[in-house]
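Sequence unavailable; structure follows:
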């Protein structure tokens, strides 16, 4: 499943991550018929991914609560209204890098699992750097949100395991620019954790953006769960009155 994300940009061009896209003629405005030149844009994958990161960051900045609720949803019908709130109308997003000044709108169409990772990364960027300890390796990892993540169960389970046992490694990956040698090096450095966390006989088939998305969402949920957990109750004093 893919989500079309229409965003109105300030000085932006037509883009689809799946290939080329064209701008349409504007409708008549008042007594003038404004004709916009059609521009075909064929972006390389790396540029498209970087633009997608910036566009999703813009959407999450406008609707952070909807973004959190979307990732917290456990059913598709529960998540749909939050997606619509974030992306159901055009947003004004300026200064998107690598976007031409020749057109006025753009569209990205990432798969659902990548969309979730893009939202998670944008939320993580505003959560500061909470202290996360590396936990011991466990035999089973599972969470309700994975039911609608759009990923294979083994990928989400592996990502949750890495977020638990090596959160710093994921942070290192997310600190890199997508589709760069630095990102590849960070993912390669995470290989031991990926290997120990992948269930026996499972094959890692996620592409680089899919893997990054799974890791980002798993880390986001670990931090969100930790920050939303109730504080432990204070121990009652056993000292008798007057003692």
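Perfect, thanks for sending it. As the structure is a prediction and not an experimental result, all values here were calculated from the model. Residues are numbered from 1 along each chain as shown.

ok, residue 56 touching residue 118?
Yes. Shown here, residue 56 and residue 118 form a contact pair, counting by CB atoms under 8 Å, at 3.8 Å. (C-beta placed from N, C-alpha, C; glycine too.)

Now the lengthiest helix in the chain: average pLDDT?
Ordering each helix of the chain by length in residues (DSSP state H) puts helix 208-228 first. Averaging the model's pLDDT scores along helix 208-228 yields 92.

tell me the strands in the protein, going along the chain?
For the chain, the strands defined by DSSP state E occupy 5-9, 28-29, 32-33, 92-93, 105-108.

how's this protein carved up into domains?
What automatic domain parsing lists as the domains of the chain is 1-110, 130-229.

Could you tell me the least trusted of these?
With a mean of 64, domain 1-110 has the lowest mean pLDDT of the domains of the chain.

Tell me who's in contact with residue 226.
Counting by CB atoms under 8 Å, 6 or more residues apart in numbering, residue 226 touches 130, 132.

Next one: it relative to residue 145, how far apart?
From residue 226 over to residue 145 the distance is 15 Å, taken as CB to CB, to the nearest Å.

Over to residue 215?
As it turns out, when the distance is counted by CB to CB, residue 215 lies 15 Å from residue 145.

more neighbours, the two?
residue 215 (31 against 16; other CB atoms under 10 Å).

ok now do that one, which residues does it touch?
117, 159, 162, 163, 170, 173, 174, 190.

which residue packs closest to the last one, ignoring adjacent ones?
Right, the one you point to is residue 190. Excluding its sequence neighbours, the residue lying closest to residue 190 (CB to CB, 6 or more residues apart in numbering) is residue 169, at 4.5 Å.

Over to the first one?
The shortest distance from residue 117 to any residue other than its chain neighbours is 2.2 Å, reached at residue 213 (CB to CB, 6+ apart).

Counting neighbours, what do you get for the one you found?
Applying other CB under 10 Å, we find 29 other residues in the vicinity of residue 213.

same question, the one 3 residues further on
Counted by other CB under 10 Å, the residues lying close to residue 216 total 26.

Distance check, it against residue 122.
9 Å.

any idea what sits nearest residue 199, other than its immediate chain neighbours?
Nearest residue to residue 199, sequence neighbours excluded (CB to CB, 6+ apart): residue 154, at 5.5 Å.
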